[in-house]
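Student: just the structure for this:
(4 chains)
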Protein chains: 4
Amino acid sequence: MQDLLEKIIQENRKYTEKGNLATYIPELTKANKNDLAICVIDIENNVYKAGDYEKKFTIQSVSKPITLALALIDNGKENVFAKVGMEPSGDPFNSIMKLETVKPSIPYNPMINAGAIVITSMIKGKDNDEKLERMLNFFRSLSCNPTLNINEDVYNSEKRTGDRNRAIAYLLKSEGIIDGDVEEILDLYFKQCSIEVTVEDLARMGANLATYGFDMLHRQRIIPEDIARTVKTFMVTCGMYDASGEFAINVGIPSKSGVGGGIMSSVPKKMGIGVFGPALDKKGNSIAGIRVLKDISKQLSLSIF
Amino acid sequence: MQDLLEKIIQENRKYTEKGNLATYIPELTKANKNDLAICVIDIENNVYKAGDYEKKFTIQSVSKPITLALALIDNGKENVFAKVGMEPSGDPFNSIMKLETVKPSIPYNPMINAGAIVITSMIKGKDNDEKLERMLNFFRSLSCNPTLNINEDVYNSEKRTGDRNRAIAYLLKSEGIIDGDVEEILDLYFKQCSIEVTVEDLARMGANLATYGFDMLHRQRIIPEDIARTVKTFMVTCGMYDASGEFAINVGIPSKSGVGGGIMSSVPKKMGIGVFGPALDKKGNSIAGIRVLKDISKQLSLSIF
Amino acid sequence: MQDLLEKIIQENRKYTEKGNLATYIPELTKANKNDLAICVIDIENNVYKAGDYEKKFTIQSVSKPITLALALIDNGKENVFAKVGMEPSGDPFNSIMKLETVKPSIPYNPMINAGAIVITSMIKGKDNDEKLERMLNFFRSLSCNPTLNINEDVYNSEKRTGDRNRAIAYLLKSEGIIDGDVEEILDLYFKQCSIEVTVEDLARMGANLATYGFDMLHRQRIIPEDIARTVKTFMVTCGMYDASGEFAINVGIPSKSGVGGGIMSSVPKKMGIGVFGPALDKKGNSIAGIRVLKDISKQLSLSIF
Amino acid sequence: MQDLLEKIIQENRKYTEKGNLATYIPELTKANKNDLAICVIDIENNVYKAGDYEKKFTIQSVSKPITLALALIDNGKENVFAKVGMEPSGDPFNSIMKLETVKPSIPYNPMINAGAIVITSMIKGKDNDEKLERMLNFFRSLSCNPTLNINEDVYNSEKRTGDRNRAIAYLLKSEGIIDGDVEEILDLYFKQCSIEVTVEDLARMGANLATYGFDMLHRQRIIPEDIARTVKTFMVTCGMYDASGEFAINVGIPSKSGVGGGIMSSVPKKMGIGVFGPALDKKGNSIAGIRVLKDISKQLSLSIF
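Tutor: The predicted model follows:
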């Protein structure tokens, strides 16, 4: 496995040249566009790493399936899916138009920004501090990494430049889909997106989803089985933005990407995979990261289809 | 003329029953739905009134062509139309979707909310107080009414419930169409919409547009001729929300309506007309007010077509 | 007047270089892109011409307001506007999407292709031959030109390449907006668009609309006054495709353009104007023709606003 | 297994009352709305049936993944996906609007009508007869049923009332996505949709996809492994119209439904399932059929996620 990962990283690093760093959050442009890393953790807890695996990056949209899991635990399936749909939207992740054209105007799914903002608004807690605390603890528990924390520079950068997310949130507020103070909800959302991780953190989270929410390291359940399955399903149908369909065909592994360059993958009953490559393609996915996953899926026959 | 107006009001008052008060700004629901009033001021300064002409109401969207005139004076045609288009949109006034689907994402015209917010953002002044002062003075000058002022209750109501306008404004901000602080711009916009008027104020403004911006009362020019013509053109193509086309065919007078129930009409070289009837049809126009204008247009052959 | 027209043609011919011939109907690419012509006929029947006024071209979309008049005569206002709306759409002339997104799915107005096809389907006649005969006679009567006829080459070219119009027509059929055989309706529509005219024909039709449908040459009424007014109103709100709003502001004359390069204008109570210049701008309007009309409107103060 | 199937059919038959027969193809309204049937074929060729399993019905959209497989064999992945996308669209199956709003205007995926028509147009053959022959043989081979044939009444009904599909096809033609005669392509498409099957046929086809295209009955390969996997992936991301996301979460089995009431499901490495229940929900899926699959998935832990 170690040799395979080394080889795959080596063969795909050239594709980092063809992508671009995310520009819409200024802080993200400071990344090194040629970085590429992978970590695999199988369900016997073997850990394999290759490439720039020590690099830290912000989790961004990879956080969406995780907070979805927490919101489902906090509120139950019925309450959550009264406010967010379950269908792929066919539109870009930051699209606003279906909120106007399709009635009822709930977001299509929890993986687009509109849906993720609703999900964040449903995290329980008496105030934003407690909500953040609960959220961070959940991420720490799922990654088996108690040191996980927020990158303040990225958070401030997101907050300063998040006007499109503000537009989405105020529209959701005006439609009665979210309650409470919009700026507070967005503050929590921006913090969630700014959690700093490594590929090992992502691989561990993917592994814990691969076991349907049972933490193999500490031999304890973190997420109910049904919720873990729901989360993985969304990762297939909507996990790679509006390239999810193509990714399902070419790779076939439940995965979620973020504009920070990370991808968290979960092969049911087999392994979790974390990938990092901040050079993105036009749809916002790690351009070399996708190729890394395609190669490993082919080599190890990991497609679920 | 007096008899004609009395008769028209009398015959159309029954239609107020078929409409509804605007509900999206709570304060507006306090109006009396059966009110109906008209005022005509011809270019020889004769003033005729009928119905509930003493009633005050907030100007709402009728303010849009007036601030457009001020923004054109302040910035010039080229600068204004670099940020707002000149085309009818075919969508409801508070629609957000074309900002996403059509590129460049400038609002279609200054009569929809998105366009009007951009226009408000272009009013000159060193701070919001000065901008408001200049705006109020312009409205006072055009209505020949130095006592025109803001209805604080409506303003506070708009501000509290303006989340859809916030969504529009933040989207415009994220696209670089408006600069500066969104909440400040919206504050000015909500105040503009909350200016309190009577049908006589609207008729006087319409009369001053009918003379291409020359105030017949004080024998002085208020608006350059070209700008007055531009404003009247928008009143035809986009003045009655997404019922403008039908209104042009059935009435044929440059007019602008507001959800407060007011309509300001301007018959070139002939007269200004102010109408008030707070019961609205589904598109947000005064349901009886439109019939009043249809009758007067027919009786006096006022259509410009 | 003659001198003014000569000068305007001369000054604007250079703009023909900046446009392009319509390409989507192959036969139209055979035109001479530098042609530019104007004809003015005032309501005292004075005729003035300048430029390439002897050139023949197909009427294309300029036919839409004329068949609308015939359909209104044939069916009455109520029946016609049960199947076609009265609002500008904000979309390109061949757009199909609002038929799906807005319910009821009747076309927005009779000037876009979808609406014009519905209008054509409402022309009375026991079969297509009789319908065509009636339509041609109406065009001949309005242009005071009994020799008006179809350009067979253009007609065949339209028919061969009209798949987008077929798509629109079948969608209208499936929604129950048009009855009867789609190919027959389209055949009549393609013929209507292929009627061959000169600028004088267009000017005469414009003049007859300027007099509200009363033919000043033969001293007889051709179109009821109310219908002539309705037609001119559509020419303002939707006559120049999705540049109608800008044209209303800059020119202010009821006008209808076609991709053959023609524009028919009608100045109420004053004159009809025909313009021809086959080099088009991006929205499908004669690029130099619009400038010609802007100049003449300014010089003679013809704006209706 | 037999007992389980009997029980599931019995428990879910009541839900047939809550749905409606498809109305847009008149012939389909002749079905018995209370019918409900299931057939399971595992990869050891055991066959289990319950309910109205002897009933015949037309395959409708269940044919789409099968012709996709044939088109992929005929043309290769690259050529097919140059003309059809791989993404869920978020819109109803007969939607036309994304063909206009998203460029390039290729259909989003092969499971919506627009995409399926493109796929049908790519089936090889020197004329329509040969194409139909090849298509029928492929369906016969995959269902191990050499008697499979077309229901002529349904075919004629589809052809007579297929105007929306005509609209879609002519739009595809005008955009250059399909070549050749539109009516011939549609004729083949309507025939494909009118193939008559039983739940056993669907179960067998699902079983042959579950083995990645290897026919366990005759011990021979029918579909290349990679193509079988691609087909199953589309069944997950777009197989149940715009309810695919919810179905993936609640059931988690690659499935394709049709408005005839059939559903073909394929559990990788385990079994094929055919379900029939002509009472449909609002999105066009068998209302009781979905519940049958949900129950069997839960009872036998068949979700792939």
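Student: name the SS class of A:S265, please.
Tutor: Reduced to three states with DSSP: H, G, I helix; E, B strand; the rest coil, the structure at A:S265 is strand.
Student: now it, which residues is it bridged with?
Tutor: Counting by DSSP bridges, A:S265 forms beta bridges with A:S255, A:I273.
Student: for D:D91, see how far away it is.
Tutor: Here the distance between A:S265 and D:D91 works out to 28 Å (Cβ to Cβ, to the nearest Å). Where you see a C-beta, it was placed from the backbone N, CA and C, and this is true even at glycine.
Student: neighbour count winner among the two?
Tutor: The neighbour comparison of A:S265 against D:D91 (other Cβ atoms under 10 Å in any protein chain shown) goes to A:S265, with 33 against 21.
Student: my read: that one touches A:G289, true?
Tutor: No - in this structure, A:S265 is not within contact of A:G289 by Cβ atoms under 8 Å, at 9.7 Å.
Student: give me the common contacts of those two.
Tutor: Counting by Cβ atoms under 8 Å, 6 or more residues apart in numbering or on different chains, the contacts common to A:S265 and A:G289 are A:V275.
Student: what's the helix or strand for A:A167?
Tutor: Of the helices and strands defined by DSSP states H and E, A:A167 is found in helix A:163-174.
Student: report the next helix or strand after that helix in sequence order.
Tutor: Along the chain past helix A:163-174, the next helix or strand (assigned with DSSP H and E) turns out to be helix A:182-193.
Student: that following helix vs helix B:163-174, what angle?
Tutor: Between the direction of helix A:182-193 and that of helix B:163-174, the angle (axes from the mean of the first three to the mean of the last three Cα atoms, to 10 degrees) works out to 50 degrees.
Student: and helix A:182-193, what's buried?
Tutor: Buried residues in helix A:182-193, defined by neighbour count with 16 or more other Cβ atoms under 10 Å in any protein chain shown: A:182, A:185-193.
Student: report all helices and strands that it contacts.
Tutor: Helix A:182-193 is packed against helix A:63-75, helix A:113-121, helix A:128-143, helix A:152-161, helix A:163-174, with contacts defined by 3 or more Cβ pairs under 8 Å, 6 or more residues apart in numbering or on different chains; DSSP states H and E.
Student: what lies in contact with that helix?
Tutor: Contacts for helix A:182-193 (Cβ under 8 Å, 6+ apart): A:58-61, A:63, A:67, A:116-117, A:120-121, A:123, A:128, A:131-132, A:135, A:150, A:154-155, A:158-159, A:162, A:165-166, A:169-170, A:173, A:178, A:258, B:163, B:166.
Student: and it, C-alpha only, in PDB?
Tutor: Taking Å, rounded to 0.1, in the frame of the first residue of the first chain, the C-alpha atoms of helix A:182-193 are listed here in PDB:
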ATOM      1  CA  VAL A 182     -28.100  35.900  10.300                       C
ATOM      2  CA  GLU A 183     -24.700  37.300  11.200                       C
ATOM      3  CA  GLU A 184     -24.400  34.900  14.100                       C
ATOM      4  CA  ILE A 185     -25.300  31.900  12.000                       C
ATOM      5  CA  LEU A 186     -22.800  33.000   9.400                       C
ATOM      6  CA  ASP A 187     -20.200  33.500  12.000                       C
ATOM      7  CA  LEU A 188     -20.600  29.900  13.100                       C
ATOM      8  CA  TYR A 189     -20.600  28.800   9.500                       C
ATOM      9  CA  PHE A 190     -17.400  30.700   8.600                       C
ATOM     10  CA  LYS A 191     -15.700  29.200  11.700                       C
ATOM     11  CA  GLN A 192     -16.800  25.700  10.700                       C
ATOM     12  CA  CYS A 193     -15.300  26.200   7.300                       C
END
